[in-house]
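A.B. asks: Sequence first, then the predicted structure, then my questions.
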Amino acid sequence: MKKVILTGDRPTGNLHIGHYFGSLKQRVEMQYDYETYIIIADMQALTDNADNPEKVRKHVRELAIDYLSVGIDPKYSHIFIQSMIPELAILTVLFSNLVTVSRLFRNPTTKAEVSTKKEIFGNDGESITYGFLGYPVSQAADLTAFDCEVCPVGEDQVPHIEQTREIVRKFNHIYGETLKEPEAILSKTPRIKGLDGNEKMGKSLGNAIFLNDSDEVISKKIMGAVTDTNKIRKDDPANPEVCMVYYYHKLLKNDNLEVVCTECKTGKRGCVACKKELILKMQDFLKPIREKRAYYEAHLEEVDAILKEGTNVSRAKAEEVMNRVRNHMGLDYFESH
Ligand code: TRP
């Protein structure tokens, strides 16, 4: 029997190359050797978009198209919509008794989100909702409902996996061996820096190259990328290690990398030429992804059928696990023992 992978994203925006290198690439590579479930976490997206369900709804399909474009293959991966699996909501409620509120407040990822979204949560987090604070509990339900053992995610998700493991241990301790403890697997490049040099490329940070950016947009963004600020003139020597352009040359495995590096260090290469070279590499890299996207955009009925099938298969699996949970907790009232 293959081990189960579960991973996914919130449908709140398009995916960017940070997602690609941070986790999508790994998901694509792993899907052939594992039973793979990919969650489109619309309920989780609503925890900080409750007043904007239209945005979430629109991005469910967009996210599915992003997945299909990078090579997530529905023959191997079940792509499903979180809110269509009611077992996830039931498990969330049952798990919520096994987590303290103070533990949830200490989660570094939710903490960081609260501090970057002051317009929603208030300056001191005074407007934080029960649902948002508790989304790691619902994520524990996502992971356990499919007997997930392996979770390939970006670094920011590790606290949630840790939280899940704690819940599982507590659950199994109280109700008997029932649920599997998932393990996070980080890619070799768990976090990709932004064009502005920020440690994180973020959907809403204005420093990302999206998988569906046009050639013109890619070109404009790369021309504005941060380089060594000590380099004033074109032929000044510079330090590639502090330059985002060099960073992306490395990321895209430019086979000319050593030349890029020495020319930069010796002042033989100006930033504009270096950026132009990167623009071409980036466009080449994104071209096949964009071509696949164009196909699916022209065949939306195919996308919907894939989502429907993925959701049906996933629901059946979650029901199976839910029956086990009911049985072990004694909540299977009308079953004869
Ligand atoms: N928290 C993830 C994100 O912000 C989305 C997510 C929901 C998820 N449930 C999951 C990821 C289960 C991995 C496993 O993108």
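C.D. replies: It's in.
A.B. asks: can you list contacts of the strand or helix carrying residue 80?
C.D. replies: Following DSSP states H and E, one finds residue 80 within strand 77-81. Residues outside strand 77-81 that contact it (C-beta atoms under 8 Å, 6 or more residues apart in numbering) are 27, 31, 36-40, 42, 60, 64, 67, 72, 306-307, 309-311, 313-315. No exception for glycine: its C-beta is placed from N, CA and C like everyone else's.
A.B. asks: among those residues, which are within reach of the ligand?
C.D. replies: residue 39 (C-beta under 6 Å from any ligand atom).
A.B. asks: ChimeraX command to pick out the buried ones of the contacts of strand 77-81?
C.D. replies: Here is the ChimeraX selection string for the buried members of the contacts of strand 77-81, based on 16 or more other C-beta atoms under 10 Å:
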select :27,31,36,37,38,39,40,42,60,64,67,72,306,307,310,311,314,315
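A.B. asks: which bits of this protein sit near the ligand?
C.D. replies: Near the ligand, when you scan the chain using C-beta under 6 Å from any ligand atom, you find 6-10, 39, 41, 44, 139, 142-143, 151, 153, 157.
A.B. asks: give the contact list for the closest residue to residue 73 other than its chain neighbours.
C.D. replies: Sequence neighbours aside, residue 31 is the residue nearest to residue 73 in space, at 6.4 Å (criterion: C-beta to C-beta, 6 or more residues apart in numbering). By C-beta under 8 Å, 6+ apart, residue 31 lies in contact with 5, 72, 73, 76, 77.
A.B. asks: so where does the third one fall, helix or strand?
C.D. replies: Per DSSP H and E, residue 73 falls between elements, in no helix or strand.
A.B. asks: Next, count neighbours for it.
C.D. replies: 14 (other C-beta atoms under 10 Å).
A.B. asks: who's in contact with residue 221?
C.D. replies: 195, 209, 213.
A.B. asks: Please, which helix or strand holds it?
C.D. replies: Secondary structure (DSSP H and E) places residue 221 in helix 215-223.
A.B. asks: Can you list the buried residues in that helix?
C.D. replies: 218, 219, 221, 222.
A.B. asks: before we move on, what about stretch 259-279?
C.D. replies: 260, 261, 263, 264, 269, 270, 271, 274, 275, 277, 278, 279.
A.B. asks: who's in contact with the second one?
C.D. replies: Read it as residue 261. 240, 246.
A.B. asks: Secondary structure element for it, which one?
C.D. replies: helix 257-265.
A.B. asks: Next SSE downstream of that helix?
C.D. replies: helix 271-297.
A.B. asks: Now do that next one and helix 215-223, the angle between them.
C.D. replies: On the basis of axes from the mean of the first three to the mean of the last three C-alpha atoms, to 10 degrees, helix 271-297 is oriented at 140 degrees to helix 215-223.
A.B. asks: same question for helix 271-297, mean pLDDT?
C.D. replies: In this model, helix 271-297 has an average pLDDT of 96.
A.B. asks: residue in this structure nearest to the ligand?
C.D. replies: Nearest residue of the chain to the ligand: residue 41, at 3.5 Å (C-beta to the nearest ligand atom).
A.B. asks: So that residue is in contact with residue 82, correct?
C.D. replies: Yes. Contact criterion C-beta atoms under 8 Å: residue 41 and residue 82 qualify, at 4.8 Å.
A.B. asks: which residues are in contact with both of these two?
C.D. replies: 8, 142.
A.B. asks: Can you give the domain ranges for this structure?
C.D. replies: 4-193+300-329, 215-293 (automatic domain parsing).
A.B. asks: For the shortest one, what is the distance to the chain centroid?
C.D. replies: The chain centre lies 25 Å from the centre of domain 215-293; the measure is C-alpha atoms, centre = their mean, to the nearest Å.
A.B. asks: In contact with residue 160, which residues?
C.D. replies: 107, 109, 136, 139, 140.
A.B. asks: Which secondary structure element is home to the closest residue to the fourth one other than its chain neighbours?
C.D. replies: Spelled out, that is residue 139. Distances taken as C-beta to C-beta, 6+ apart place residue 160 nearest to residue 139, at 4.9 Å, with adjacent residues excluded. Using DSSP H and E, residue 160 sits in helix 158-175.
A.B. asks: so after that helix, what's the next helix or strand?
C.D. replies: Downstream of helix 158-175 (by DSSP H and E), the next one is strand 183-186.
A.B. asks: Name the residues that touch that next one?
C.D. replies: Against strand 183-186 from outside (C-beta under 8 Å, 6+ apart): 26, 149, 150, 151, 152, 153, 154, 155, 157, 158, 161, 162.
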